[in-house]
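After the sequence you'll find the predicted model.
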Amino acid sequence: MSAQLDRIANAPRPPFAGAFHNFVLSVFLVQAARSRDLRANWSRRVHRILQRPASDAVQRWEGEGGSTG
């Protein structure tokens, strides 16, 4: 995240940029970082779930034609 902060700190600023402008940018950066982390965690969780072998009950259900998909 420090690379993003450096990029924003060195970006050209409009003449009205001040403390509030910096505050708004920092809020957006924090939210973007949280969103990225949540997406990564969700992706890892789904990957782990999909890697698990099916239970005996699920395998029986699939073998009997119980699945519609």
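Arrived safely, thanks for sending. Residues are numbered from 1 along each chain as shown.

For the nearest residue to Arg13 once chain neighbours are set aside, grab the count of nearby residues.
In this structure, Arg13 finds its nearest non-sequential neighbour in His21, 7.3 Å apart by Cβ to Cβ, 6 or more residues apart in numbering. To be clear about C-beta, it is placed using only N, CA and C from the backbone, and glycine gets the same treatment. Neighbours of His21 under the rule other Cβ atoms under 10 Å: 12.

For Ala32, see how far away His21 is.
His21 sits at a distance of 17 Å from Ala32 (criterion: Cβ to Cβ, to the nearest Å).

ok so, going back, in terms of contact, does the residue nearest to Arg13 touch Ala11 like I think?
No: if you go by Cβ atoms under 8 Å, His21 and Ala11 don't touch, sitting 10.9 Å apart.

does Pro15 sit in a helix, a strand or a coil?
Put simply, Pro15 is coil when judged by DSSP: H, G, I helix; E, B strand; the rest coil.

That one and Ser55: what is the separation?
64 Å.

Please, where are all the strands along the chain?
With strands called from DSSP state E, the chain shows none.

quick one: least confident helix or strand in it?
Among the helices and strands of the chain, helix 2-9 carries the lowest confidence by mean pLDDT, DSSP states H and E, at a mean of 68.

In terms of pLDDT, where does Asp37 sit?
On the pLDDT scale, Asp37 is placed at 92.

Neighbours of it, how many?
Other residues close to Asp37 by other Cβ under 10 Å number 10.

Could you do the one 5 residues further on as well?
Residues contacting Trp42 under the criterion other Cβ under 10 Å number 10.

Please apply the same query to Arg13.
Here the count is done by other Cβ under 10 Å, and Arg13 has 13 residues near it.

Would you confirm that it contacts Ala19?
No: Arg13 lies out of contact with Ala19 (Cβ under 8 Å); the separation is 11.9 Å.

where does the protein dip in pLDDT?
Residue ranges of the chain with pLDDT under 70: 1-2, 4-5, 8-9, 16, 65-69.

more crowded one of Pro15 and Ser55?
Taking other Cβ under 10 Å, Pro15 and Ser55 do not tie; Ser55 has more neighbours (9 against 5).
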